[in-house]
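>>> what follows is a protein structure lacking sequence information:
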């Protein structure tokens, strides 16, 4: 079966760094995605990893280890507006590249 | 910017009613998707379409059907709404099978009483 695990909730302080982990077990692997979703809004794309290593985009970085079935999203210099849910999603099959399997999401609360 | 719109933000229907949720995208995308989002379960794929009049079942298609008569519009139909279909429904689109980013609409929160 397909399984994606992420912590349910995290709390961090404004200006700090937070790491949100995601582990997955899927039949095949063709990319891992992170989305941000503010309460009551649509998810928006943050990052995409298909090869091992770190992808950096401004304050946000995403890391992938395919051998470990593990990814993390790193948020630096946290701002209050970063309070949101962060969704990890995996595209499992090479021949069905349109499907994404989503984790339950991690709700991040940034405190002053 | 890609824009994906959904016909209603909030909807309240009675058990047994037929419900239509509409989704429109304005970027000529090939693929469109319907998800439902429930606390603790994340986004689950109901149906998707990779071309006009083409559709495939996702992970939880039971109790739902879809229609895609025009490229820009993808409808989700609840033939006979039930209380366990109370949920947030999200529509998404992507350019083609090689395009990995999905663009989401704002969602429709459906309550079935």
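Looks like it came in fine. Please read these numbers as outputs of a predicted model, since none were measured by experiment.
>>> run through chain B and note the low-pLDDT ranges.
Within chain B, the ranges that satisfy pLDDT under 70 run B:1-2, B:96-100.
>>> so residue B:15 sits against residue B:86, correct?
No. With contact defined as CB atoms under 8 Å, residue B:15 does not count as touching residue B:86 (10.2 Å). (C-beta placed from N, C-alpha, C; glycine too.)
>>> spatially central residue in chain B, please.
The structure's chain B has its C-alpha centroid closest to residue B:34; by CA atoms, centre = their mean the separation is 2.8 Å.
>>> wait, a helix at that one?
No. The assignment for residue B:34 (DSSP: H, G, I helix; E, B strand; the rest coil) gives strand, which keeps it out of a helix.
>>> surely it touches residue B:87?
No. The criterion here is CB under 8 Å, and residue B:34 misses it with residue B:87 at 11.1 Å.
>>> so residue B:56 is in which element?
strand B:54-57 (DSSP states H and E).
>>> and the next helix or strand past that strand?
Where DSSP H and E defines the elements, the next helix or strand beyond strand B:54-57 is strand B:65-70.
>>> so who does the residue nearest to residue A:111 when sequence neighbours are not counted touch?
For residue A:111, ignoring the flanking residues on the chain, the nearest one in space by CB to CB, 6 or more residues apart in numbering or on different chains is residue A:13 at 5.6 Å. Residues in contact with residue A:13, defined by CB atoms under 8 Å, 6 or more residues apart in numbering or on different chains, are A:78, A:110-112.
>>> around chain A, which positions in chain B sit nearby?
Applying CB under 8 Å from any CB of the partner chain, one finds that chain B approaches chain A through B:4, B:31, B:33, B:35, B:40-45, B:48, B:50, B:58, B:90, B:94, B:97-98, B:100-107.
>>> sort out for me which of those residues are in strands.
Using DSSP state E, the subset of the residues of chain B next to chain A located in strands is B:4, B:31, B:33, B:35, B:42-45, B:48, B:50, B:90, B:94, B:103-104.
>>> still on that earlier bit, need the overlap of contacts for residue B:15 and residue B:86.
Shared between the contact lists of residue B:15 and residue B:86 (criterion: CB under 8 Å, 6+ apart) are residues residue B:112.
>>> more crowded one of the two?
A count of neighbours by other CB atoms under 10 Å in any protein chain shown puts residue B:86 above the other of residue B:15 and residue B:86, at 16 against 11.
>>> so which bits of chain A are right by chain B?
Taking CB under 8 Å from any CB as the contact definition, chain A meets chain B at A:4, A:8, A:31, A:33, A:40-45, A:48, A:87, A:89, A:91, A:97-100, A:102-105.
>>> please redo it, this time with the cut-off set to 7 Å
Proximity of chain A to chain B, by CB under 7 Å from any CB of the partner chain, involves residues A:31, A:41-43, A:45, A:48, A:87, A:91, A:97-100, A:102-105.
>>> quick check: phi and psi on residue A:80?
The phi and psi values for residue A:80, taken as degrees, to the nearest 10, are phi -60, psi -30.
>>> which ones are touching residue B:48?
Residue B:48 makes contact with A:98, B:31-33, B:56, B:58 under the criterion CB atoms under 7 Å, 6 or more residues apart in numbering or on different chains.
>>> which residues does it bridge with?
residue B:33, residue B:56 (DSSP bridges).
>>> what kind of secondary structure is residue B:80 in?
Classification of residue B:80 by three-state DSSP places it in coil.
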